[in-house]
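# curious how this folds, go ahead:
(chains A and B)
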Amino acid sequence: KAGVTQTPRYLIKTRGQQVTLSCSPISGHRSVSWYQQTPGQGLQFLFEYFSETQRNKGNFPGRFSGRQFSNSRSEMNVSTLELGDSALYLCASSGDTYNEQFFGPGTRLTVL
Amino acid sequence: AQSVTQPDIHITVSEGASLELRCNYSYGATPYLFWYVQSPGQGLQLLLKYFSGDTLVQGIKGFEAEFKRSQSSFNLRKPSVHWSDAAEYFCAVSISGGYNKLIFGAGTRLAVHP
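Next up, the predicted model:
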């Protein structure tokens, strides 16, 4: 089975712009979660989508949003980028049992 | 609220030595517990998990972890470390009930001396 894929792997944006990141889960997985990893805050949960519905949300401002398509692929969007949004964004997919999550390689976002 | 504490930010061991990485969690009920490893520039790889049953769980790459309810701990161990084990290790907890929200510890960076 192919693993979780994320595109693009690297991204450079400037303050005020918006960005869209994509995640393709493992085939058959209906849950996709997003995490932000920074040196200062560590790994933080952004949100989870299950069958096209947001099921859980972390403590991030409304500039961070996401969606999930009928094929379980997910996108996350960050509007009005700030320098502090520079991070590794990780996507994880999960099947229907036991919360076991499989992570993709991440998208490295740099905001200048 | 759930939280995870990894007391050791950096650990250095010699190749062939044993290893124990500490993890303590705060949660009212029995959580689901995980250990992940991250190599530089990579995503997270699941080493092992605990959901219920036997409190000593075996994982990949020769790692094991023991769940101790009385100490709210889930420490990761390996009897003999290899140079390729150098990486960052994260302990994580999630609540039961089908919601995939992982709470991570701050991580422990492991260095291995030859």
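
# how about low-confidence regions in chain B?
B:96-98 (pLDDT under 70).

# okay, which residue is most central for it?
residue B:35 (3.4 Å; Cα atoms, centre = their mean).

# ramachandran angles for residue 60?
Defaulting to chain A. phi -120, psi 150 (degrees, to the nearest 10).

# switch to chain B, that's the one I care about
Per degrees, to the nearest 10, the backbone of residue B:60 is at phi -80, psi 170.

# pull the contacting residues for the residue nearest to the centre of chain B.
If a contact means Cβ atoms under 8 Å, 6 or more residues apart in numbering or on different chains, then residue B:35 has B:21, B:23, B:46-49, B:59, B:63, B:65, B:74, B:76, B:89-92 as its contacts. All C-beta atoms are positioned from the backbone trio N, CA, C, and that covers glycine.

# from these, pick out the ones that also neighbour chain A.
B:46, B:49, B:90, B:92 (Cβ under 8 Å from any Cβ of the partner chain).

# before we move on, which element is the first one in?
Residue B:46 is part of strand B:45-50, with elements assigned from DSSP states H and E.

# how about the strands in chain A?
A:5-7, A:10-13, A:19-24, A:31-38, A:42-50, A:53-57, A:64-68, A:74-78, A:87-94, A:101-103, A:107-111 (DSSP state E).

# give me the neighbour count for residue B:113.
12 (other Cβ atoms under 10 Å in any protein chain shown).

# quick one: it from residue B:83, how far?
Look at residue B:113 and residue B:83: by Cβ to Cβ, to the nearest Å, they are 9 Å apart.

# now residue B:89
15 Å.

# these two: which has the busier surroundings?
The neighbour comparison of residue B:89 against residue B:83 (other Cβ under 10 Å) goes to residue B:89, with 23 against 11.

# which SS class is that one?
Assigned with DSSP: H, G, I helix; E, B strand; the rest coil, residue B:89 falls in the strand class.

# so it touches residue B:39, yeah?
No. Using Cβ atoms under 8 Å, residue B:89 makes no contact with residue B:39, being 10.6 Å away.

# and for residue 51, the neighbour number?
If you meant another chain, say so; for now it's chain A. The burial count for residue A:51: 10, using other Cβ under 10 Å.

# try again with chain B
Considering only other Cβ under 10 Å, residue B:51 is surrounded by 16 other residues.

# same check on residue A:67?
15.

# what are the buried residues along the lowest-mean-pLDDT helix or strand in chain A?
Here the helix or strand of chain A ranked lowest by mean pLDDT, DSSP states H and E is strand A:53-57, holding a mean of 90. Within strand A:53-57, the residues scored as buried using 16 or more other Cβ atoms under 10 Å in any protein chain shown are A:55, A:56.

# adjacent strands (with direction) for that strand?
strand A:42-50 (antiparallel) (DSSP bridges).

# average pLDDT across the partner strand?
For strand A:42-50, mean pLDDT is 94.

# interface residues of chain B facing chain A?
Going by Cβ under 8 Å from any Cβ, the residues of chain B near chain A are B:32, B:34, B:36, B:42-46, B:49, B:51, B:90, B:92, B:94, B:96, B:98-107.

# narrow these to those that are buried.
For the residues of chain B next to chain A, buried by 16+ other Cβ under 10 Å: B:32, B:34, B:36, B:43-44, B:46, B:49, B:51, B:90, B:92, B:94, B:100-107.
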